[in-house]
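Peer 1: would you be able to build a 3D model of this:
(one chain, ligands or ions: 2)
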Amino acid sequence: QIKIEKKKEFITQDRDETELEKEIYTSTQQLEQFFLTEQRYVEDVKAIIDKKLVSVDAQGALGAYVASYEDIIGEQDEDETFMHNPLNVYNLIRHVAVGWGIIEDTLEKEKSTKGGNLPKRCKRVLARRKRDHVPGAADLDGVAVGIVRLHDYYKFNTTSFVEEGIFETDEWRAETNGDLTVWDAFKIGVKGTNQMLLGSGIDIMLNALEKAKADGMVTTPPFIEALDLKVLKNLIKTAKTVHDQKLDRWGPRTATHSTNSIPYDKRLAKKKKFASPKLSEVVLNNARIIDSGTEKEQYMNLCRGIDLRPEDVKSKLYCKYEHRNKPYYMYGPRKIEIVSLKPYIAVLHEFITPSESEEIISKSTPKLKRSQMVGQRLNGTLDDRRVSEQTWLTEKDANATMRLTHRIDTFLDLESGSTNHSELYQVANYGLAGQYDVHYDQVLMDKRHMQNREVFNMFAGDRMASLMGYLSDVAAGGHTVFPLVGAYIKPIKGAMVIWWNMDQAGGHDVLTRHGGCPVMIGSKWITNKWVRAHSQMFKRPCPKYTGRQIREFRNIDPMNKQRGGFFSDP
Ligand SMILES: O=C(O)CCC(=O)C(=O)O
Ligand SMILES: [Fe+2]
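Peer 2: Numbering: from 1, shown residues only. Ligands and ions are numbered 1, 2, ... in the order given. Next up is the predicted model:
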């Protein structure tokens, strides 16, 4: 008997739709929602006080919660950009994580004294935890570590951060209400130190100690008991010991730790290797630096906005208006900026209109889920190397995606429609200090990646081109960086970056390794369209190589990672 099944309209990979762990800092969008929710509950709590719905004692406790909220807002606007500043996020989450339990206890007590009866508004406030995620310790820790990661990357001024709640580097400055207690600053430093961000963590802890000395006490936020200065001093001492040990054994940076370049211990610092820390030279176009400290250092410099492309490479780059010999685009050529010729990386400016960006964001917002890691041994795991939430849109889900596919296909001579076996639009919103650490976009299906030989991948072919569109501007941070090329791209709303992951022989271009830097200030939205190879059969020229030549290519490189970059248009 033959079974007839309904033909699927879109052929896609099966994706695990199970709800992932719920944390709030993993997308700025979620943080904005949380802020709106908190505003509503604060209004409710205020109304309970104003209408004297609870006893005088209870009114006092509720009042302290409202005051704590108002302190955090200060003179700032109560719009969504409030949550684009990491310190505001920290303060607001701490306020709720610590304070909301007190609101609940107060109202529960009120309930028992009133024989189980509470006014409607009180009941609604009490039911918050059932309806909405109330952030707790896990969220607060995630945010604290995120802030220290930002320090590790961007080296914002620690003193102005701890003393005035200001984020500043030479390039930019972002203020908050100015409030950061010693307790908070210290907690942030400790959490970072625990995650082996030792240099930055200890720097923040030391500044907190200085502030405590200047204030004559360890200042604490509302509802938190005072701490003894001795506790601070002891923790710092331990942290310094760990710092020096790791630095001595592992050097200043690996994938899992970072320290200053010089130990705290004066005797240890006299060791020859610390006397003149060697400046490592920039290594480009070389697969040997993959996963090394050099790659990481180049990655971080690019995140900070230091262009590493040598002059003789840069002098060959240019911007142009391009019509690609198509009548339509002769009237309205597109602005193209060449970032690298080999591998070919280009920015198509104003490729996505503002209203298209907004439509894609609004259609994706209700469907966002935390992004998982991909790659060997990492598939499906959660990790702060990738802090974002994402979802997928088909061409039919929005006018914008339909139009965009049409634009990509006509302008770039591609078959990018999801029905033609390319991927759907992946839409992602980064979270607090959200990043996507260095990676390849390719799936890879060679002998060492047998697990990827699943139906969809075999059928569609690998990710031949990456098209990555920025749907928002980012005030600070969030660069897209290519450490082996030495180039970075600053997100600009509406711009789309294109690069070829494969060469014409179907090889994997290792130089396309890239990542998204931690977002410092703002909300970063992107969309990815990965164009699969097989649909391009009639669109792109066939490989110029014979099967034997291709096999030879593969054999030359023991890692089977061939350097390519043969595609060069647009
Ligand atoms: O956000 C970025 O700048 C890079 C994103 C990326 O590489 C990806 O999503 O695969
Ligand atoms: Fe990527």
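
Peer 1: C-alpha only now, for contacts and for neighbours.
Peer 2: Fine.

Peer 1: can you tell me which residues in the protein are near ligand 1?
Peer 2: Contact residues (CA under 6 Å from any ligand atom) of the chain with ligand 1: D441, H479, T480, G515, G516.

Peer 1: run a quick neighbour tally on the second one.
Peer 2: It stands for H479. Counted with other CA atoms under 10 Å, the burial measure for H479 works out to 24 neighbours.

Peer 1: kindly state the pLDDT recorded for K114?
Peer 2: Per-residue confidence (pLDDT) for K114: 86.

Peer 1: next: R385.
Peer 2: For R385, the model assigns a pLDDT of 78.

Peer 1: grab the nearest non-local neighbour of it.
Peer 2: In space, R385 comes closest to D437 once its chain neighbours are excluded; the distance is 5.3 Å by CA to CA, 6 or more residues apart in numbering.

Peer 1: quick check: which helices or strands does whichever helix or strand that neighbour is part of pack against?
Peer 2: Per DSSP states H and E: D437 is located in strand 436-439. Strand 436-439 makes packing contacts with strand 514-516 when contacts are defined by 3 or more CA pairs under 8 Å, 6 or more residues apart in numbering; DSSP states H and E.

Peer 1: give me the contact list for the helix or strand just after the strand it packs on.
Peer 2: Using DSSP H and E, the helix or strand that follows strand 514-516 towards the C-terminus is strand 519-521. In this structure, residues lying in contact with strand 519-521 by CA atoms under 8 Å, 6 or more residues apart in numbering are 84-86, 150, 174, 430-435, 474-478.

Peer 1: out of these, list just those in helices.
Peer 2: For those, the ones inside helices are P86, L150, with DSSP state H as the criterion.

Peer 1: tell me the one of the contacts of strand 519-521 nearest Y264?
Peer 2: When those are compared for distance to Y264, the smallest value, 22.2 Å, is given by L150; criterion: CA to CA.

Peer 1: that closest one touches P518, doesn't it?
Peer 2: Yes: here L150 reaches P518: they are 6.8 Å apart, a contact under CA atoms under 8 Å.

Peer 1: neighbour-wise, which of those two wins?
Peer 2: P518 (31 against 21).

Peer 1: which one is whatever residue of the stretch 351-500 of the chain ends up closest to ligand 1 nearest to, not counting chain neighbours?
Peer 2: With CA to the nearest ligand atom as the measure, the residue in the stretch 351-500 of the chain that lies nearest ligand 1 is T480; the distance is 3.8 Å. Nearest residue to T480, sequence neighbours excluded (CA to CA, 6+ apart): G516, at 4.6 Å.

Peer 1: also D397?
Peer 2: What sits nearest to D397 in space, not counting adjacent residues and going by CA to CA, 6+ apart, is K363, at 7.6 Å.

Peer 1: and stretch 158-165, how far out from the chain's middle?
Peer 2: Here the centre of mass of C-alpha atoms in stretch 158-165, compared against the chain's by CA atoms, centre = their mean, to the nearest Å, lies 24 Å away.

Peer 1: kindly report the same for stretch 104-116.
Peer 2: With CA atoms, centre = their mean as the basis, the distance from the averaged C-alpha position of stretch 104-116 to the chain average is 42 Å.

Peer 1: just stretch 432-443 next, same as before
Peer 2: Its chain's C-alpha centre lies 8 Å from the corresponding centre of stretch 432-443 when counted by CA atoms, centre = their mean.
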